[in-house]
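1. Sequence and predicted structure, then a few things I'm wondering about:
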Amino acid sequence: MPAILIAGTHSGVGKTTVAMALMAAFARRYAVAPFKIGPDYIDPSHHTAICGRPSRNLDTFMMGEDGVRETFARAAAGTDICVIEGAMGLYDGMGSDDTASAAHVARVLGLPVILVVDVKGVSRSAAAIVKGYCDFDKRINVAGVILNKIGSPRHGDMVRTAIQQELSVPVVGEIPKSSRIELPSRHLGLYMAHEGYRMDYVTELESLAADHLDIPAIRDIAQYAQDAGYAAADEVGGGGSCGGSGDSVGGADGDDTGDGSSARHDITIGVARDPAFCFYYADLIDSLKRDANLAFWSPLADDLPEADGFYFGGGYPELYAKELSARSKTGKEIRDTAADGVPIYGECGGMIYLCESLIDLDGNAYPMAGVLPAETVMTNRLQALGYTDATVSGNYVVPAGRIRGHEFHYSETDCAPDVRFAYRMNRGKGIRDGMDGMLEYATLGSYMHAPPSFDVSRFIESCRRHVR
């Protein structure tokens with residue numbers, strides 16, 4: 001199976017645009033399995049819109065090397081080509097080694113790498129840059145280079161010639177600086193694909209690929225993919241296809257299990273999904289589907305569905321605070337449901353909604369669902385960003401032991417003095433004093449986002465126990 005990893009020399013070099021352009025170009029002829037390295041909900045939403053199948057996250061810190069292999073094998077099965085978007089620079093990870101970097105994933109899966117290089121203001125020096133990336137870790141196969149921000153045809157000739165004279169790495173794309181495709185951003189990154197902002201960019205991406213990328217050469221490089229990434233295929237039922245509705249992030253009835261089969265289960269979990277709650281990993285949703293029916297609903301528009309447990313993912317409740325607070329009936333239903341002992345799990349934005357109130361940047365206070373004894377205040381400054389690791393005490397949602405995840409938020413949460421916590425942070429900030437995971441009734445709310453490979457067994461067990 002062909003596979004290619006699109007990496008960059010550094011953040012902002014254009015790898016997201018290049019990766020999406022390749023996905024758009026290949027998706028016209030092939031079944032494309034898209035992936036994103038690292039913790040990210042936003043770029044995968046665009047991958048999914050372009051390729052028509054869920055983009056999966058590959059993260060060696062949160063999932064482990066075996067977890068990355070298994071997810072890759074499962075999602076790649078039945079497709080024609082895999083396109084993986086890197087994160088930050090090729091070798092940038094958690095620290096001084098390659099853990100959680102694009103290079104780490106390339107090494108684990110045996111993937112050829114195409115390096116995107118910003119050549120604005122350089123000519124022959126670009127060859128030195130590329131040589132450094134090729135020589136830094138000989139285990140990584142830098143198999144091609146795409147030059148971004150070419151100033152003129154002459155400039156492109158100079159850079160390409162320098163690289164070809166000094167190195168054996170082919171130049172497989174030259175993108176003029178005037179071809180930059182602007183996708184609007186806000187404090188948490190790009191707009192999500194489902195928000196419908198300029199969806200015509202897919203046509204622009206196809207044109208960029210056709211005009212400036214050597215698609216046949218890139219396809220040939222993708223053939224270099226080693227079989228390391230598919231070693232787990234037999235263990236995960238490798239012959240199955242990842243296509244069809246079973247691999248979607250969910251239909252309304254939640255019957256699909258995520259592995260191409262369908263089943264009905266003895267419990268139902270309500271999953272909040274709308275513009276305010278839109279950060280979900282496809283693998284985590286699939287884990288829930290294997291043991292529960294999922295009822296997707298919108299706190300912005302729908303009544304609370306009948307369910308045996310509820311999951312509120314992250315997103316942008318701060319952008320919809322007025323609308324959420326106006327739905328006081330829904331808030332009361334959630335409070336009553338929580339008081340009845342129904343298990344509820346809220347991550348970041350979901351946790352914020354489960355608190356008593358949200359105070360925006362102008363000082364306006366909006367009542368929220370009122371389950372957790374805390375209020376959240378939005379700030380202009382990033383409060384936490386990065387990987388997390390926590391020791392978990394007994395609760396209804398997360399198994400006791402250790403959990404790894406990530407946090408990213410522009411808010412602070414002020415809790416009641418006697419609030420109980422489920423997480424003691426070994427890495428990361430959490431809510432207060434190195435603690436995270438507020439507990440109330442059978443509800444847990446945390447700034448920590450659980451990993452794609454989150455163990456949902458405790459949550460499922462608690463939902464079943466409540467039903468009994």
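-> Arrived safely. Residues are numbered from 1 along each chain as shown.
2. Tell me, domain by domain, which residues of this structure belong where.
-> Structural domains annotated on the chain: 3-230, 246-467, as defined by automatic domain parsing.
3. In the stretch 351-468 of the chain, what residue spans correspond to helices?
-> In the stretch 351-468 of the chain, the helices defined using DSSP state H, counting those that start in this stretch lie at 457-467.
4. And the helices in the stretch 101-250 of the chain, which stretches?
-> In the stretch 101-250 of the chain, the helices defined using DSSP H, counting those that start in this stretch lie at 102-109, 125-136, 153-166, 201-212, 215-222.
5. can you pull the contacts of the nearest residue to Leu361 once chain neighbours are set aside?
-> Among residues not flanking Leu361 along the chain, Met378 sits closest, at 5.2 Å (Cβ to Cβ, 6 or more residues apart in numbering). Quick note: C-beta positions are derived from backbone N, CA and C, even for glycine. By Cβ atoms under 8 Å, 6 or more residues apart in numbering, the residues touching Met378 are Glu318, Leu358, Ile359, Asp360, Leu361, Tyr410, Ser411.
6. go again using 7 Å as the cut-off
-> With contact set as Cβ atoms under 7 Å, 6 or more residues apart in numbering, Met378 has these partners: Glu318, Ile359, Asp360, Leu361, Tyr410, Ser411.
7. What of Lys149?
-> By Cβ under 7 Å, 6+ apart, the contact set of Lys149 is Asp118, Val119, Lys120, Lys177.
8. Show me the residues you listed that map onto strands.
-> Asp118 (DSSP state E).
9. Reformat the contacts of Lys149 as TSV; add distance to Glu323.
-> Putting the contacts of Lys149 into TSV (distance: Cβ to Cβ, whole Å) gives the following:
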residue	distance to Glu323
Asp118	40
Val119	46
Lys120	42
Lys177	40
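10. Could you list the low-confidence segments of the stretch 201-350 of the chain?
-> Where the stretch 201-350 of the chain drops to pLDDT under 70, the residues are 226-263.
11. Out of the helices of the stretch 101-250 of the chain, which is closest to Tyr311?
-> Distance to Tyr311, taken as Cβ to Cβ, is lowest for helix 102-109 among the helices of the stretch 101-250 of the chain, at 27.3 Å.
12. angle of that closest one against helix 125-136?
-> Angular relation of helix 102-109 and helix 125-136 on a 0 to 180 degree scale: 50 degrees, by axes from the mean of the first three to the mean of the last three Cα atoms, to 10 degrees.
13. what's the most buried one of the helices of the stretch 101-250 of the chain?
-> For those, the largest average neighbour count (mean count of other Cβ atoms under 10 Å) is found in helix 102-109, namely a mean of 25.
14. quick one: contacts for Asp360?
-> Asp360 neighbours (Cβ under 7 Å, 6+ apart): Glu318, Ala321, Met378.
15. circling back: just send the contacts of Lys149 back as a markdown table, with distance to Ala19, neighbour count and pLDDT too.
-> Output for those, formatted as a markdown table (distance: Cβ to Cβ, whole Å; neighbours: other Cβ atoms under 10 Å; pLDDT from 0 to 100):
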| residue | distance to Ala19 | neighbour count | pLDDT |
| --- | --- | --- | --- |
| Asp118 | 15 | 19 | 96 |
| Val119 | 18 | 27 | 96 |
| Lys120 | 20 | 12 | 95 |
| Lys177 | 19 | 15 | 89 |
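16. Let me know the closest of the contacts of Lys149 to Asn293.
-> Asp118 (47.6 Å).
17. The closest one contacts Lys15, doesn't it?
-> No. Using Cβ atoms under 7 Å as the test, Asp118 is too far from Lys15 to be in contact (10.0 Å).
18. And the pLDDT at the residue nearest to Leu361?
-> For Met378, the model assigns a pLDDT of 97.
19. That one and Gly350, how far apart?
-> 16 Å (Cβ to Cβ, to the nearest Å).
20. Same question for Asp340.
-> Distance, Asp340 to Gly350, by Cβ to Cβ: 19 Å.
21. Show me which of those two is the more surrounded one.
-> Gly350 (26 against 10; other Cβ atoms under 10 Å).
22. can you confirm that one is in a helix?
-> Yes. Using DSSP: H, G, I helix; E, B strand; the rest coil, the assignment for Gly350 is a helix.
23. is it true that it touches Tyr316?
-> No. Under the criterion of Cβ under 7 Å, Gly350 makes no contact with Tyr316, lying 11.2 Å away.
24. mean confidence score for stretch 6-16?
-> Stretch 6-16 comes out at a mean pLDDT of 95.
25. Same question for stretch 395-408.
-> Predicted confidence along stretch 395-408 averages 97 (mean pLDDT).
26. got the end-to-end distance for that stretch?
-> Counting by Cα to Cα, to the nearest Å, you get 23 Å between the two ends of stretch 395-408.
27. same deal with stretch 24-43?
-> End-to-end distance for stretch 24-43, by Cα to Cα: 14 Å.
28. and that stretch, how far from the chain's centre?
-> 12 Å (Cα atoms, centre = their mean, to the nearest Å).
29. Shouldn't Leu288 be within a helix?
-> Yes. Assessed with three-state DSSP, Leu288 lies in a helix.
30. does it really touch Ala295, like I thought?
-> No. With contact defined as Cβ under 7 Å, Leu288 does not count as touching Ala295 (11.1 Å).
31. quick one, the longest helix anywhere in the chain and helix 102-109 angle?
-> Identified as the longest helix of the chain according to DSSP state H is helix 60-76. Interaxial angle, helix 60-76 versus helix 102-109 (the same axes, to 10 degrees): 50 degrees.
32. Residues contacting the helix or strand following helix 60-76, please?
-> Sequence-wise, the next helix or strand downstream of helix 60-76 (DSSP states H and E) is strand 81-89. For strand 81-89, the surrounding residues in contact (Cβ under 7 Å, 6+ apart) are 1-11, 15-16, 19, 22-23, 26, 30, 32-38, 43, 58, 76, 102, 111, 222.
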